[in-house]
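K.L.:
Task: produce atomic coordinates for the following.
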Amino acid sequence: MRRLVRGLAAFGIAMAAGTGLAVEAGADGDAAPEGTLEGLYTYSGGGTTATWKIYPLCVPTVGDGRVPLELAIGCRLQVESNGPPGQAGSYRLANGQWTYHTPLLAGTRCPDGSTAGSEEMYQFDTSLRGTYTHSHNAVCGWQPGLEKTPFTLTFVAPLPNPVIHYPLTCQDNPIHLCS
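P.N.:
You can find the predicted model right below:
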């Protein structure tokens, strides 16, 4: 059993290292992994301003309930926005960039007032600078297009409700439940 637990712990550490995430040194046990944002932010770019609520969603490593689970893997950022609809979603970390990509059925407004499909992508890193990309195929009599707009995020405040990440509290009666 100990060999299995050590093997699972080593697997979790290897997965965390592979995703580029690590728990901050000297963390108080309630911190999200390095590079993971959390809180209220102001989005500013291309003449648009919005408020983003960012919640990290992370999967803890597997344990057997005898020790606190504090090493997270597979984090995503859930963004709620009061701005344009395409900003809200589940952002994934890839190559140091938090990225969200979404198709929009009516994302391009044509000169005659009709709409056509397009795609949006938001990317940003821990410097809180990013790029909004809007692209469309040959629609509305136009050639395919790609428009990139820089944006910034500015930290405003922590989330309104306290968020406790780690350690998880686990019970083994009769199944393994963690909260």
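K.L.:
residues in contact with Ala138?
P.N.:
Contacts for Ala138 were tallied using C-beta atoms under 8 Å, 6 or more residues apart in numbering; they are Pro144. No exception for glycine: its C-beta is placed from N, CA and C like everyone else's.
K.L.:
So it, which state does it fall into?
P.N.:
With DSSP: H, G, I helix; E, B strand; the rest coil as the basis, the three-state label of Ala138 is coil.
K.L.:
From Gly117, how far out is it?
P.N.:
Distance, Ala138 to Gly117, using C-beta to C-beta, to the nearest Å: 11 Å.
K.L.:
Please apply the same query to Glu147.
P.N.:
Taken as C-beta to C-beta, the span from Glu147 to Gly117 is 15 Å.
K.L.:
what's the answer for Leu146, then?
P.N.:
For Leu146 relative to Gly117 (C-beta to C-beta), the value is 14 Å.
K.L.:
With neighbour numbers in mind, choose between those two.
P.N.:
Of the pair Leu146 and Gly117, Gly117 is the one with more neighbours under other C-beta atoms under 10 Å, namely 13 against 9.
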